[in-house]
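Undergrad: using only what follows, build the 3D model:
(one chain, ligands or ions: 2)
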Amino acid sequence: MDQNLVKELAAYTHTAEKEKREIVKITAELYKGLTIEDAYLIQEEVVKQKLAEGRKIIGPKMGITSEAKMKQMHVEDPIYGYVFDNMVVNEGDSISMDDYIHPKAEPEIGFILSKDLEGPDVTALDVLRATEYVFPAIEIIDSRYENFNFTLPDVIADNTSAAGAVFGTNLKRPDSLELEVVGVTLSINGEIQALGAGAAVLGHPANSVARLANMLSKKGEKVKAGQPILSGGITAAVKLSRGDFVSAKYGGLGDISFFVK
Ligand code: OOG
Ligand code: MG
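TA: Ligands and ions are numbered 1, 2, ... in the order given. Below is the predicted model of the structure:
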């Protein structure tokens, strides 16, 4: 793919993100033949542009790792993107609807590794052996595309809709839990809107982190120790509105919450 086009399409999604403005998906008109490989080149360019603007990568995220998400978004394969410093929301804090286009929240299980993981043959067992802590998280996604309408390459080129992340501080050792049977409810104003269990994420959330390591190895990168890693939405994402109190409650991993103003 032409390097100028990569830059242009990266600026297309990145500018929409900064201006909190909806755009038409790339594959509708601008570049109908966008492939997944092209899309990751665009994502890399988005990352470069953000770093050049002084943003910092906090950690990687996996997406489209559960059946609930595949069905909701009409796409079928796991993808990765990055959470940046300006996306982090502290537990119990408020976000403002003004900072987003049409945000949604999804409960996830986070990982922190004590050693780097390098693909291409990383297994869930390798991930669990390298995991220092797991923690509860809520991801705030905000596709820059109209109505969250996208193909897989479109959403990859949009840094997988990354817009916010609440990392819970209730850290647990991975061997103190059976992550696949950790249940979670996501509530808005005290009413359960979505529920699931860790197994929804590729059978076990550690499979998702293994997949991340194996995908990153294609570009010679590793999953790094110390970074919080989002393993992907367990349930469908829930639309947010002003005045919402959003809380996720996990079996054995505690609760996290935030407000929407
Ligand atoms: C894409 C991001 C998916 C997840 O956890 O599945 C994602 C989207 O749904 O807009 O972060
Ligand atoms: Mg997510």
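Undergrad: residues in contact with stretch 213-226: which ones?
TA: Contacts to stretch 213-226, defined as Cβ atoms under 8 Å, 6 or more residues apart in numbering, come from residues 40, 44, 60, 78, 80, 112-122, 126-127, 130, 132, 209, 212, 229. Where you see a C-beta, it was placed from the backbone N, CA and C, and this is true even at glycine.
Undergrad: mean confidence for that stretch?
TA: Mean per-residue pLDDT for stretch 213-226: 97.
Undergrad: span of that stretch from start to end?
TA: Counting by Cα to Cα, to the nearest Å, you get 14 Å between the two ends of stretch 213-226.
Undergrad: distance from the chain centre to that stretch, please.
TA: Mean-position distance between stretch 213-226 and its chain equals 16 Å (Cα atoms, centre = their mean, to the nearest Å).
Undergrad: list the buried residues for it?
TA: 213-217, 222-224 (16 or more other Cβ atoms under 10 Å).
Undergrad: mind checking how far Lys172 is from Ala11?
TA: Counting by Cβ to Cβ, to the nearest Å, the separation of Lys172 from Ala11 is 41 Å.
Undergrad: how distant is the helix or strand hosting Phe258 from the center of its chain?
TA: Per DSSP states H and E: Phe258 is located in strand 254-260. How far strand 254-260 lies from its chain's middle: 17 Å, per Cα atoms, centre = their mean.
Undergrad: quick revisit: so how do I select the buried members of the contacts of stretch 213-226 in ChimeraX?
TA: Of these, the buried ones go into a single ChimeraX selection, burial set by 16+ other Cβ under 10 Å:
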select :40,60,78,80,112,113,117,118,119,122,126,127,130,209,212,229
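Undergrad: among the contacts of stretch 213-226, which are located in helices?
TA: Counting by DSSP state H, the part of these found in helices is 40, 44, 126-127, 130, 209, 212.
Undergrad: all helices for this protein, in order.
TA: Secondary structure of the chain (DSSP H): helices at 3-19, 36-52, 67-73, 124-130, 152-157, 205-216.
Undergrad: can I get the fifth one in CSV, CA atoms only?
TA: Right, helix 152-157. Taking C-alpha atoms only, helix 152-157 is exported to CSV below (Å, rounded to 0.1, in the frame of the first residue of the first chain):
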residue,chain,number,x,y,z
LEU,A,152,-12.6,-5.6,10.3
PRO,A,153,-10.0,-3.5,8.4
ASP,A,154,-11.9,-0.3,9.2
VAL,A,155,-12.0,-0.9,12.9
ILE,A,156,-8.3,-1.9,12.9
ALA,A,157,-7.4,1.4,11.1
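Undergrad: right, is it up against ligand 1?
TA: Yes. Helix 152-157 comes into contact with ligand 1 (Cβ under 6 Å from any ligand atom), by way of Val155.
Undergrad: which other helices and strands does that helix contact?
TA: Contacting helix 152-157 under the criterion 3 or more Cβ pairs under 8 Å, 6 or more residues apart in numbering; DSSP states H and E are the following elements: helix 3-19, helix 36-52, strand 79-84.
Undergrad: just say which of the ones you listed is most tucked in.
TA: Across these, averaging neighbours per residue (mean count of other Cβ atoms under 10 Å) puts strand 79-84 on top, at a mean of 23.
Undergrad: how about the residues of the stretch 51-200 of the chain near ligand 1?
TA: 61, 63-65, 69, 73, 106, 139, 141, 143, 148, 155, 160-161.
Undergrad: report the helix or strand with the lowest average pLDDT across this structure.
TA: Ranked by mean pLDDT, DSSP states H and E, the weakest helix or strand in the chain is helix 67-73, scoring a mean of 94.
Undergrad: other residues contacting that helix?
TA: Contacts to helix 67-73, defined as Cβ under 8 Å, 6+ apart, come from residues 63-64, 76, 106, 148, 150, 155, 194, 196, 200, 232-237.
Undergrad: now those residues: which count as buried?
TA: The neighbour-count test (16+ other Cβ under 10 Å) marks 63-64, 106, 148, 150, 155, 194, 196, 200, 232-237 as buried among the contacts of helix 67-73.
Undergrad: out of the ones in helices among the contacts of stretch 213-226, which is nearest to ligand 1?
TA: Leu212 (11.9 Å; Cβ to the nearest ligand atom).
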